[in-house]
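Engineer: Need the 3D shape of this:
(chains A and B)
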Amino acid sequence: MQNLAVQRLTEVVMASDIGAAAVADLKLQFAPFSSALEAGFWHQLTQKKLNDYRLDESPKCIKGYYYNGDPVGLPTRLNLEFSAFDVDGPTPARCSPAAGTLYNTNTLDSFKTIDKKALLEKEAKEIWDAVQSGAAWKDPSSLCRFILLTFADLKKYHFYYWFCFPALCFPDGIKLVQPPSLLQHAFSAKQMAALQEAYDGLCMKEGTSAVPYFLMKYTDDTAQLAPLGDWEAFVTDTKKVTVGVYDPCTLSQHPGWPLRNVLVLLANQWGSRVDTVEVLCFRDRTLQGSRSIQHSIIFQVKLPELPNSSVCPKSVGWEKNKKGAMGPRMVNLSECMDPKRLAASSVDLNLKLMRWRLVPSLDLDKVVSTKCLLLGAGTLGCNVARTLMGWGVRHITFVDNAKISYSNPVRQPLYEFEDCLGGGKSKAMAAVDRLTKIFPGVNAEGYNMSIPMPGHPVNFSQTTLSQAQKDVEQLEKLISEHDVVFLLMDTRESRWLPTVIAASKRKLVVNAALGFDTFVVMRHGLKKPPVTQSVSTAADSSPSCSSASSSSSTPAGSAPSVPGSSLFSNIPGHKLGCYFCNDVVAPGDSTRDRTLDQQCTVSRPGLAMIAGALAVEMMVSILQHSEGGYAVASSSEDRMNEPPTSLGLVPHQVTHRISSGSNVTPGASLIEVQCCSCSPIVLDHYEREGFSFLSKVFNSSHSFLEDLTGLTLLHQETQAAEIWDMSDDESI
Amino acid sequence: MSWFELNEEKFHHCCQLILQQSEQLSDGWIWEVVQGSKEGYLRKTALRSVTIDSKSVQKQKGSSLDPEPHTSYHSSVEQQGQEDEQPDCIKDDIDDEDAGICMMTANSSQVLQFEYHILYSCSYSSPVLYFRAFTLEGRSLTLEEVWNSVHPNFRLCLQNSPLDTITQQEHPLLGQPFFVLHPCRTKDFMRPVLQAAQDQHRPVNYVLSWLSVVGPVVGLDVPLKYSTQLHPAASLSSTEPD
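Structural biologist: Sure, this is the predicted structure:
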């Protein structure tokens, strides 16, 4: 690829040479510098602007360098790096320094309107002064200068810049007497060896590793070099003068920019006595440990006369932009300098590490792009949110109606003491603020609202009724807009409405509930799409109507019964139960016969962290399954088999009891035809009657749902259930 | 077991040897000292010219799969932004008439600058390779872009290698974002190298051997001459453990 590019370049050069040869006067043309900036330069400019320069627009001294050892095909570069602001610092080995003037403007407008011509002329005048005073003979590096005009937009991390490499011009150009040829064609091997040795000697003598300009005398087998300043003593024969220039260009027919101003220096001082100058463009590269100078070029020019030696000649040098037009450049560094962008890319890269070695088939995009609705921003909500952020999930929405109380921050990791003051901030809002502080790339929203509950009447007044209706509509809207709904509330009843809505909208539901030292984390069964609803519900419900106790209830179709396998193996996702279908796991001891309010805030503090984390891990595993929410529920027996996802099992539910050890038990249960929440009859009523049905549920005693489904009373069930939902901030 | 361990002192010693050889080979390694601290690191920069196929630029717009075009896609986005922000009047005051300039043809290739740092990690007792790549404008490449600057054939075999644990981290001494080849596997692949060297009573420069394994992963060449120089040199026996 590279060779091809080089070849193309060479062809172009040759073509232009032929064109030029047709013209009688062959004029010398110089390859311009291309600016080359290291990322470190912009970092350092940012630091300087913020800490030192601030609003100071005055010119600053900086330093660049160029190199004469590039392989063919690379542009002639002037490099600026991190160290550009350390003018007295060392120049990289075998590189030649270039002094620069930095004009950093405060506004884009002054960047645009600053008088570029005046900047160039000012710099050119300094070069011309050095030429006329003779200072340039002693310090020829002052001939190679540059201007850098910048504007740093540190809000967007956009950097506008324009380089200028001032060159003084001869009005009629420079006539080539002998066109450029490669040194290996002009010099014998012996001469080249002598030259190389002489150059190294000169470097040693000058105490540097690169000499920008030098004088040269040579015979068939010797070469002598001297600093430019030694002209008087060194040049004895003005008929043949050879000048060497450290040349960063790699083109075979053109010298680089640094030659331009030194020719003006020669012409100004010696133009009347020297007619022809031989120029050696010294190029010195080492590839794979082998050094060569044979690709240097050598040619002869007629030294022009300067018309009026007291007036500064015309100068040129502003760099063209990438389109080849006169204009500034702009580089957008927000990706590598904006801390927020850096945080985002670091989080993603860190997650990708999982894929590279441990779980190559992990589909992170599926996880990261999932929109999560967290109903409840208490102990569970906080821990679920943090784990979601750990997985790179960007879209997190909180719903909670509570304020942060003094007991909360120690258990709820998104809140601090300060958040409790003055009556406490809204949990949903404070959680959003904290998520944004933790990771600004998160797209978090909070809704300070109540979720209407069965048996909690809303019909006290028209106001309360319409408020309940608004709340229901808001919740429906939120559930529609998200992919996964987390049920993380502190009461059993408040889970009813979102369970109904999510079941109706076919959204994945992950539910977590805490006891004193037990918890359950489960996914709700995901019903088949509504198109086939009337058919499939009938088909689905009839065999399993006998519920878990029936022996013949193994679902037909997708999962034929395997002799000897448990009753609950191979249940497909659409036949799995919801929170209300099940009598969730039976810890069975400590908390029986206590009333709910006796249980308030009584949960082992570590429980919510474990349960919150497991809830998110369950979601991620479901997302990795090819069938998503329809995935067959894994059971403990599946631990021996090939796991269904790259992350292992996708159980219906996991239960855990701290007091009995760290065993997390996967289990599964079937959909319950009498379920007060996800049974077809409830969904049917909800879908047909909407809020009028819901308000009946809210306002009626439990017998309403019981009558509808033929199930035991919701509150009786609550009291009998062996896992309680804890309130974190219920006051006694 | 000290044979397999690289302490900080030994790391510095290995680096000094590399610097000496690099000086002879003009390979460009230098030792950077961090201002106000005793710590430092080996540093090298390299340029690589990447050819851009203008046809595929259009086809692949926005795709992160194709390397070079992707890089240029970013650049063209910037240019567009620049056009919006830069009124044409800006060039009015500049006389760009210059018969002495050699007209450069439109660039069909893009030059990328690579910067490599070798640091010592106390946690892993091993050298760590930090690197970044940027355009001539100084814009750092994303990891995808860096991957895409690697030849496709080479890329495939690298992605299957156990070394491809590249991540983005802050440079511990500079505080700037760099890519880093994570050192967690370093000891695994260094052990056989060191064992073989010990068995054959060969001197070995831990850092150099390590670099010859990890360097090519990110396009960093280690000339063979380093090791051909290393072997005959009796003075290098000082790298042997005490």
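Engineer: low-scoring stretches of chain A, by residue?
Structural biologist: A:1-24, A:309, A:356-357, A:531-569, A:582-601, A:661-665, A:667-668, A:672-673, A:702-703, A:710-732 (pLDDT under 70).
Engineer: Give me the phi and psi angles of B:Ser224.
Structural biologist: Slight slip there: residue B:224 is Leu, not Ser. The phi/psi pair for B:Leu224 (degrees, to the nearest 10) reads phi -60, psi -30.
Engineer: Run through the residues that contact it.
Structural biologist: A:Gln288 (CB atoms under 8 Å, 6 or more residues apart in numbering or on different chains). In short, each C-beta sits where N, CA and C put it, glycine included.
Engineer: how close does it get to B:Gly40?
Structural biologist: Distance of B:Leu224 to B:Gly40, computed by CB to CB, to the nearest Å: 27 Å.
Engineer: Over to B:Val213?
Structural biologist: The value you get for B:Val213 to B:Gly40, if CB to CB is used, is 23 Å.
Engineer: Let me see the ranges of the helices in the stretch 451-600 of chain A.
Structural biologist: Under the criterion DSSP state H, counting those that start in this stretch, helices of the stretch 451-600 of chain A are mapped to A:462-481, A:496-505, A:533-544.
Engineer: most neighbours per residue, which of those?
Structural biologist: Each of the helices of the stretch 451-600 of chain A was scored by mean neighbour count; the highest is helix A:496-505, a mean of 23, by mean count of other CB atoms under 10 Å in any protein chain shown.
Engineer: Report all helices and strands that it contacts.
Structural biologist: Under the contact criterion of 3 or more CB pairs under 8 Å, 6 or more residues apart in numbering or on different chains; DSSP states H and E, helix A:496-505 touches helix A:462-481, strand A:484-487, strand A:508-514, helix A:680-689, helix A:691-699.
Engineer: In TSV: the ones you listed, plus distance to chain B.
Structural biologist: As requested, the helices and strands packed on helix A:496-505 are exported to TSV (distance: least, CB to the nearest CB, whole Å):
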stretch	distance to chain B
helix A:462-481	26
strand A:484-487	27
strand A:508-514	29
helix A:680-689	41
helix A:691-699	45
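Engineer: looking at those, which is closest to A:Glu642?
Structural biologist: strand A:508-514 (23.8 Å; CB to CB).
Engineer: Show me what counts as buried in the closest one.
Structural biologist: Within strand A:508-514, the residues that qualify as buried are A:508-514, counting by 16 or more other CB atoms under 10 Å in any protein chain shown.
Engineer: Partner strands of that strand, with direction?
Structural biologist: strand A:484-487 (parallel), strand A:518-523 (antiparallel) (DSSP bridges).
Engineer: Make TSV out of these and add distance to A:Ala223.
Structural biologist: Below are the strands paired with strand A:508-514 laid out as TSV (distance: least, CB to CB, whole Å):
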stretch	distance to A:Ala223
strand A:484-487	78
strand A:518-523	83
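Engineer: Kindly reformat these as CSV containing mean neighbour count and distance to A:Leu225.
Structural biologist: Formatted as CSV, these follow (neighbours: other CB atoms under 10 Å in any protein chain shown; distance: least, CB to CB, whole Å):
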stretch, mean neighbour count, distance to A:Leu225
strand A:484-487, 27, 76
strand A:518-523, 27, 81
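Engineer: of all those strands, which lies closest to A:Leu351?
Structural biologist: Of all the strands paired with strand A:508-514, strand A:484-487 comes closest under CB to CB, at 17.9 Å.
Engineer: Would you pull up how far that closest one lies from the middle of the chain?
Structural biologist: 28 Å (CA atoms, centre = their mean, to the nearest Å).
Engineer: neighbouring contacts of that strand?
Structural biologist: By CB under 8 Å, 6+ apart, strand A:484-487 touches A:370-376, A:381, A:384, A:479, A:495, A:498-499, A:502, A:507-513, A:579, A:615, A:619.
Engineer: in stretch A:396-408, what's buried?
Structural biologist: Those would be A:396-405, A:408, for stretch A:396-408 by 16+ other CB under 10 Å.
Engineer: oh sorry, the question was meant for stretch A:376-389
Structural biologist: Buried, per 16+ other CB under 10 Å, within stretch A:376-389: A:376-389.
Engineer: what does stretch A:148-164 give?
Structural biologist: So, applying 16+ other CB under 10 Å, buried residues of stretch A:148-164: A:148-153, A:157-164.
Engineer: Output it as PDB, restricted to C-alpha atoms.
Structural biologist: Listed next in PDB are the C-alpha coordinates belonging to stretch A:148-164 (Å, rounded to 0.1, in the frame of the first residue of the first chain):
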ATOM      1  CA  LEU A 148       1.500  29.300  15.100                       C
ATOM      2  CA  LEU A 149      -1.800  31.000  15.400                       C
ATOM      3  CA  THR A 150      -4.300  29.200  17.600                       C
ATOM      4  CA  PHE A 151      -7.700  29.500  19.200                       C
ATOM      5  CA  ALA A 152      -8.500  26.900  21.800                       C
ATOM      6  CA  ASP A 153     -12.300  26.400  22.400                       C
ATOM      7  CA  LEU A 154     -12.000  24.600  25.700                       C
ATOM      8  CA  LYS A 155     -15.700  24.100  26.000                       C
ATOM      9  CA  LYS A 156     -15.900  22.000  22.900                       C
ATOM     10  CA  TYR A 157     -12.300  21.000  22.800                       C
ATOM     11  CA  HIS A 158     -12.000  22.300  19.300                       C
ATOM     12  CA  PHE A 159      -8.600  23.700  18.400                       C
ATOM     13  CA  TYR A 160      -8.300  26.100  15.500                       C
ATOM     14  CA  TYR A 161      -4.800  26.600  14.200                       C
ATOM     15  CA  TRP A 162      -2.800  28.000  11.400                       C
ATOM     16  CA  PHE A 163       0.900  27.600  10.800                       C
ATOM     17  CA  CYS A 164       3.200  29.900   8.900                       C
END
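Engineer: So out of everything in the stretch 501-650 of chain A, what residue is nearest chain B?
Structural biologist: A:Ser646 (17.5 Å; CB to the nearest CB).
Engineer: which ones are touching that residue?
Structural biologist: Residues near A:Ser646 by CB under 8 Å, 6+ apart: A:359-362, A:624.
Engineer: Could you tell me which of these count as buried?
Structural biologist: Buried among the contacts of A:Ser646 (16+ other CB under 10 Å): A:362, A:624.
Engineer: Quick check: of the contacts of A:Ser646, which lies closest to A:Glu197?
Structural biologist: Nearest member of these to A:Glu197, counting by CB to CB, is A:Pro360, at 56.8 Å.
Engineer: That closest one looks like it's in a strand, true?
Structural biologist: No - A:Pro360 is assigned coil when assessed by DSSP: H, G, I helix; E, B strand; the rest coil, not a strand.
Engineer: what residues does the stretch 51-200 of chain A put near chain B?
Structural biologist: Within the stretch 51-200 of chain A, the positions near chain B by CB under 8 Å from any CB of the partner chain are A:69-70, A:73-75, A:77, A:92-94, A:108, A:112, A:115-117, A:120, A:158-160, A:167, A:169-170, A:173-174.
Engineer: In strands, which of these appear?
Structural biologist: Judged by DSSP state E, these include A:77, A:158-160, A:167 as members of strands.
Engineer: Quick check: residues of the stretch 201-350 of chain A near chain B?
Structural biologist: A:251, A:254, A:260, A:286, A:288-289, A:291, A:314, A:316, A:318, A:320-333, A:335-336, A:342, A:345-346, A:349-350.
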